[in-house]
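**Q** Next one to model:
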Amino acid sequence: MLKRKSNYQTYTDGWGTAWETVDRRLVSIRQKVIHFQEQTVGERRYWNAYVAGIQINRAVRVPYESKAEQGDIFTIEGKQYEVVQKDLKDDKLPPSWLLSLASAQIEYKEKKDE
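**A** Numbering: from 1, shown residues only. So this is what the prediction gives:
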C-alpha cells in the first residue's frame, strides 16, 4: 500500500510562548504554551518582507485558537522572535495561523512592577 500524504495538520515540532509587549517590555504572557509545526519561508514571503526592511528568520504554523498576535514576542527555547505577520491557512485541517517570525533585534525584558 502506498502512503498517502495526509491533509491533516499536526503541531509536533515544539512549543513556544506568546508575550504581549509595550514599549519594548514584556508586559504579560498572552498564552504560555502554543504548539507549532515548522514551515519553510517561501521565496515570495521572504523577499517581500526583505524589501520592507524585515528579515524573516522562521515560519511556524500554530493552531487557530492560539492567542499570538502580530507584534507579540514569541519565545522558542529561550530565543525571542517578533511576530511580523500572521496569515490564516486553511489548506489543511484544522485551520491554522502561519506566523512569520523575525529575530528580535533587542532582548526584551519583563516589565517590573513599581
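**Q** Report pLDDT for the spatially most central residue of the chain.
**A** Taking CA atoms, centre = their mean, the centroid of the chain lies closest to Leu99, which sits 3.8 Å from it. Note on Leu99: pLDDT of 96.
**Q** element containing it, please.
**A** strand 96-103 (DSSP states H and E).
**Q** before we move on, what about Trp15?
**A** strand 14-22.
**Q** Which parts of that strand count as buried, going by neighbours?
**A** Using 16 or more other CB atoms under 10 Å as the test for burial, strand 14-22 gives Gly16, Thr17, Ala18, Trp19, Glu20, Thr21. Just so you know, the C-beta spots here come from the backbone N, C-alpha and C atoms, and that holds for glycine as well.
**Q** my read: the fifth one touches Arg30, true?
**A** Yes. Counting by CB atoms under 8 Å, Glu20 sits close enough to Arg30 to count as a contact (4.9 Å).
**Q** Now do the contacts for the residue nearest to the centre of the chain.
**A** Contacts here follow CB atoms under 8 Å, 6 or more residues apart in numbering; on that basis Leu99 touches Phe36, Ala59, Val60, Arg61, Val62, Ala68, Phe74, Val83, Gln85, Lys86.
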